[in-house]
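Undergrad: just the structure for this:
(one chain, ligands or ions: 1)
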Amino acid sequence: MAAGLKIVFYRQSLDDLGLLLPAIGLLVLLRGVLHWLSEIYGMRIAFLVKSKIRERLFQHILNLGPGYQEKRRSGDLQALLTDGVESLEPLLTGYIPQLLVAFFGSGLIALYIFSLDPVVGVIALAGILITVVFPQLMSRRVGKIMLDYWQSHARLNAHYIDAMQGMPTLKMFNAGGRKGRELAREAWGHYRHSMQGLGISLLDSAVVKWAAAAGSALAAGVGALRVSTGDMPLAELFVILFLSVECFRPLNDLIMLWHRSFLGVAAVRGIFAILDTAVDIRDRPGENGAETQTRARPGIEFVNVTFGYAGGQRPAVQDVSFRVHPGETVAVVGKSGSGKSTLVNLLLRFFDPQEGSILLNGRDIRDYSLPLLRSQIAVVFQDTYLFYGTVAENLSVARPGAAREELERAARLAHAHDFITDLPNGYDTQIGERGVRLSGGQKQRLSIARAILKDAPLLILDEATSNVDGASEKLIQASLEQLVQNRTTIIIAHRLSTIRGADRIIVLDDRRVRETGTHGELLAARGVYAQLTGLRHG
Ligand SMILES: Nc1ncnc2c1ncn2[C@@H]1O[C@H](COP(=O)(O)OP(=O)(O)OP(=O)(O)O)[C@@H](O)[C@H]1O
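TA: Sure, this is the predicted structure:
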């Protein structure tokens with residue numbers, strides 16, 4: 001440009017433009033190609049980064065385990081994994097590449113101006129410095145506001161999901177209007193956080209725009225002064241006029257892209273807040289997971305175990321000690337809230353006890369690798385979760401790659417085969433997101449089929465027949481009796497019918513083990529168990 005202006009101002013021959021014009025054409029072409037490449041690769045890199053972040057987030061949430069999930073609302077984690085990660089795209093494809101453009105573009109132009117005239121160059125550099133430093137000074141406040149904004153977004157999302165899932169309950173209690181008002185309040189809260197976020201980001205951009213405009217105006221003014229005193233040739237002033245605008249253009253674009261990346265910047269805070277959360281349940285350092293899996297029936301021992309949930313007023317189980325011998329079937333009974341399911345959570349290491357230890361074959365379960373420990377245990381939970389997918393896929397969760405015959409065999413043993421074949425596409429029927437098309441009893445039989453497929457040496461039945469009608473219960477009972485053979489089994493149950501076959505019964509009361517013995521012994525002792533069974537049948 002400077003060369004072109006010299007031709008105009010100093011009336012040099014137009015022949016000098018000969019090389020200049022193709023060079024300019026080439027540069028314009030190069031800019032076009034680079035722009036195209038940046039669009040293509042920008043999208044690709046953004047896609048890869050988003051996938052990687054989703055993968056890491058999901059893995060970390062899995063490592064944090066059910067204990068962490070219970071502390072958060074599922075809708076808010078879901079918002080982060082979907083909307084949050086998706087909103088990183090403008091940040092990744094726009095803002096971050098523009099940072100490089102701004103750094104090199106503005107920096108190099110300012111240096112060029114400096115080479116033409118150091119005084120004007122210093123003014124341009126000062127303008128750039130303000131546009132870079134001011135947002136940094138604000139970053140702590142901006143960070144806090146962005147995090148609040150993201151959290152209110154996630155909360156609103158969680159609220160909507162909660163309301164959708166609870167729709168039948170809302171309808172039944174005519175509570176739709178009330179819920180609607182709650183949601184409206186939440187939406188207003190979110191609106192306020194958005195306005196705060198917008199306010200701070202507009203302040204940022206106002207200062208940057210002001211610094212850019214002031215920088216170019218001051219550079220032009222000082223340049224004109226220096227031309228009038230004869231310290232600068234007129235041609236240079238024109239170059240400076242053009243370049244000072246160009247010098248601040250990338251910074252103006254940067255702040256515009258910052259606005260577009262608003263949600264992404266907020267989501268980044270939420271994402272890091274999760275990734276920075278320390279995992280409590282870890283494989284002990286030095287464990288390499290190389291232990292060999294054993295099929296032998298294991299013995300279990302709880303030794304003075306005390307555990308309280310975070311935020312709980314008092315321990316859920318206190319000083320609990322009992323032993324389950326290899327191959328034994330032991331039932332744990334107790335009133336609601338006495339801590340039965342907590343024992344299962346501890347055995348699976350969803351949580352670690354604050355005091356005492358749990359031994360598997362005489363070795364602390366914290367000394368096993370988590371995959372090995374969990375491979376030894378099959379659980380039929382109270383509440384069966386079915387994933388969106390076919391019946392066959394849902395069964396295969398317990399044994400990936402199992403042949404269709406194996407799935408059918410397990411389903412037959414769990415008395416699930418007949419209802420599965422009655423479904424429209426048999427084993428290939430899609431069972432909705434939460435298995436909504438299946439009854440509670442059917443879901444439970446699928447859960448039992450999963451346990452049969454897993455074929456682990458330690459079996460835990462947590463209220464395994466609670467959702468099943470009398471006729472199905474008898475059938476399931478028969479298959480469970482077959483299942484418990486050659487295994488160590490812990491049955492967590494209220495029903496007398498499910499525990500009668502147990503070798504021993506452990507009675508929990510008020511968080512502690514109160515009695516241990518056979519059904520007959522405990523009845524004869526006329527203690528808590530006798531009372532409990534009396535209550536059940538009274
Ligand atoms: N995730 C949790 N967070 C906080 N407290 C919990 C949690 N799960 C259970 N509790 C509390 O711990 C205590 C023991 O609960 P637990 O579920 O182990 O009892 P339970 O004997 O299995 O009850 P039920 O027979 O009704 O299922 C209860 O007071 C319960 O409120």
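Undergrad: quick check: residue 49 vs residue 424, distance?
TA: 41 Å (CB to CB, to the nearest Å). C-beta: built from backbone N, CA, C; applies to glycine.
Undergrad: now do residue 416
TA: Distance from residue 416 to residue 424, by CB to CB: 16 Å.
Undergrad: compare those two and say which is more crowded by neighbours.
TA: residue 416 (31 against 8; other CB atoms under 10 Å).
Undergrad: can I assume that one is in contact with residue 447?
TA: No: Residue 416 sits out of contact with residue 447 when judged by CB atoms under 8 Å, with a separation of 9.3 Å.
Undergrad: nearest residue to residue 486 other than its sequence neighbours?
TA: residue 297 (6.7 Å; CB to CB, 6 or more residues apart in numbering).
Undergrad: how many neighbours does that neighbour have?
TA: Residues near residue 297, counting by other CB under 10 Å: 17.
Undergrad: looking at it now. What's its pLDDT?
TA: pLDDT for residue 297: 82.
Undergrad: in a helix, it, correct?
TA: No: secondary structure of residue 297 (DSSP: H, G, I helix; E, B strand; the rest coil): coil, not part of a helix.
Undergrad: how far away is the residue lying closest to residue 60 once chain neighbours are set aside from residue 46?
TA: Closest residue to residue 60 apart from its sequence neighbours, by CB to CB, 6+ apart: residue 275 at 5.7 Å. Distance, residue 275 to residue 46, by CB to CB: 19 Å.
Undergrad: near the ligand, which residues of this structure? Just list them.
TA: 70, 309, 312, 316, 334, 336-342 (CB under 6 Å from any ligand atom).
Undergrad: would you list the residues you listed in a markdown table and tack on pLDDT, neighbour count and secondary structure?
TA: Shown next, in a markdown table, are the residues of the chain next to the ligand (pLDDT from 0 to 100; neighbours: other CB atoms under 10 Å; DSSP: H, G, I helix; E, B strand; the rest coil):
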| residue | pLDDT | neighbour count | secondary structure |
| --- | --- | --- | --- |
| 70 | 74 | 14 | helix |
| 309 | 90 | 15 | coil |
| 312 | 80 | 9 | coil |
| 316 | 93 | 21 | coil |
| 334 | 89 | 23 | strand |
| 336 | 84 | 6 | coil |
| 337 | 86 | 12 | coil |
| 338 | 89 | 22 | coil |
| 339 | 90 | 24 | coil |
| 340 | 90 | 24 | helix |
| 341 | 88 | 16 | helix |
| 342 | 92 | 23 | helix |
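Undergrad: so which pair among these is furthest apart in space?
TA: 70 and 334 (21.6 Å; CB to CB).
Undergrad: low-scoring stretches of the stretch 201-350 of the chain, by residue?
TA: Along the stretch 201-350 of the chain, the model assigns pLDDT under 70 to residues 284-295.
Undergrad: could I get the full set of strands for it?
TA: 300-307, 317-324, 329-334 (DSSP state E, counting those that start in this stretch).
Undergrad: identify, out of those strands, the most deeply packed stretch.
TA: strand 329-334 (a mean of 24; mean count of other CB atoms under 10 Å).
Undergrad: what's the angle from it to strand 300-307?
TA: If you take axes from the mean of the first three to the mean of the last three CA atoms, to 10 degrees, strand 329-334 sits at 20 degrees to strand 300-307.
Undergrad: can you list the strands that strand 329-334 pairs with?
TA: According to DSSP bridges, strand 329-334 has the following sheet partners: strand 488-492 (parallel), strand 504-509 (parallel).
Undergrad: single out the most deeply packed of these.
TA: The most buried one of these (mean count of other CB under 10 Å) is strand 488-492, showing a mean of 25.
Undergrad: I would like the residues contacting that one, please.
TA: 297-300, 324-333, 340-341, 343-344, 347, 457-464, 498-499, 502 (CB atoms under 8 Å, 6 or more residues apart in numbering).
Undergrad: what's the answer for stretch 252-261, then?
TA: 90-91, 94-95, 98-99, 101-102, 131, 135, 201, 204-205, 208-209, 212, 265.
Undergrad: let's see that with 6 Å instead.
TA: For stretch 252-261, contacts defined as CB atoms under 6 Å, 6 or more residues apart in numbering pick out 90-91, 94-95, 98, 102, 201, 205, 208, 212.
Undergrad: over to stretch 114-125?
TA: Against stretch 114-125 from outside (CB under 6 Å, 6+ apart): 110, 113, 215, 218-219, 222-223, 232, 236, 240, 247.
Undergrad: again, only this time at 10 Å
TA: Stretch 114-125 is contacted from outside by 2, 106-107, 109-113, 214-223, 225-226, 231-233, 235-237, 239-240, 243-244, 247-248, using CB atoms under 10 Å, 6 or more residues apart in numbering.
Undergrad: circling back: dihedrals phi and psi, the residue nearest to residue 486?
TA: Main-chain torsions, residue 297, degrees, to the nearest 10: phi -70, psi 120.
Undergrad: same deal with residue 48?
TA: phi -60, psi -40.
Undergrad: next one: it from residue 90, what distance?
TA: Separation of residue 48 from residue 90 (CB to CB): 16 Å.
Undergrad: so between these two, which is more surrounded?
TA: A count of neighbours by other CB under 10 Å puts residue 90 above the other of residue 48 and residue 90, at 20 against 11.
Undergrad: wait, the more buried one touches residue 267, no?
TA: No: at 11.0 Å, residue 90 does not count as touching residue 267 under the criterion of CB atoms under 10 Å.
Undergrad: ok, back up a step: the contacts of stretch 114-125, buried ones only, as a PyMOL selection?
TA: Per 16 or more other CB atoms under 10 Å, the buried members of the contacts of stretch 114-125 correspond to this PyMOL selection:
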select buried, resi 106+109+110+112+113+215+216+218+219+220+222+223+226+232+233+235+236+237+239+240+243+244+247+248
